[in-house]
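>>> what would the 3D arrangement of this be:
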Amino acid sequence: MEIDIMEIMKLIPHRYPFLLVDKIIEFEPKKKIVGIKNVTINEPYFQGHFPGHPIMPGALLIEAMAQVGCVLMFKSFDITPEEYVVYFMGIDKARFRKPVRPGDTVRFVLEPKTIKKKLSKMVGTAYVGEDVVCEAEIMAMIARK
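Numbering: from 1, shown residues only. From the prediction side, this is the model:
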């Protein structure tokens, strides 16, 4: 099941420049989600993050991973964004393996390690091509607005 940017914007409250997911290309409720971020030189953070040698900040890779996880939570539990929000609660075991540069397409693969009615711990891996560029365990919680 593919989820386009218009549907993502209905689910999560982020907007430019903080919306870091372009589309979801694979989704299995409570099992797996795969999201895509196309990195372009037009991203605002490239103006100040290593000018002359632009790389995507690691914190934004983790944020993009969390946004993909947020979509997993909304779609797995069929909750509405009008009543609920998904909060990013924690990061464990974050590792940055290779730099992400303009022109790269980052593929985020998240699988729940534990998933309950309101809380999930997910294992995420970010790839550029076949190379792992980032990995982390993230925790998220569903809460009423």
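>>> just the buried residues of stretch 74-91, please?
F74, K75, S76, F77, I79, V86, F88 (16 or more other CB atoms under 10 Å). Placement of C-beta: from N, CA and C, glycine included.
>>> before we move on, what about stretch 108-118?
F108, V109, L110, E111, P112, I115.
>>> in three-state terms, label M6 for me.
Here M6 is recorded as helix under DSSP: H, G, I helix; E, B strand; the rest coil.
>>> ok, the buried residues of stretch 108-118 vs V100, which is closest?
F108 (11.4 Å; CB to CB).
>>> got the contact list for the helix or strand where the closest one lies?
According to DSSP states H and E, F108 maps onto strand 105-115. Here strand 105-115 makes contact (CB atoms under 8 Å, 6 or more residues apart in numbering) with 21, 25, 30-39, 56, 61, 64-65, 68-69, 72, 76, 100, 120-128, 133, 137-138.
>>> just the buried ones from these?
Neighbour-count burial (16+ other CB under 10 Å) is assigned, among those, to 21, 33-37, 39, 56, 61, 64-65, 68-69, 72, 76, 100, 120-122, 124-128, 133, 138.
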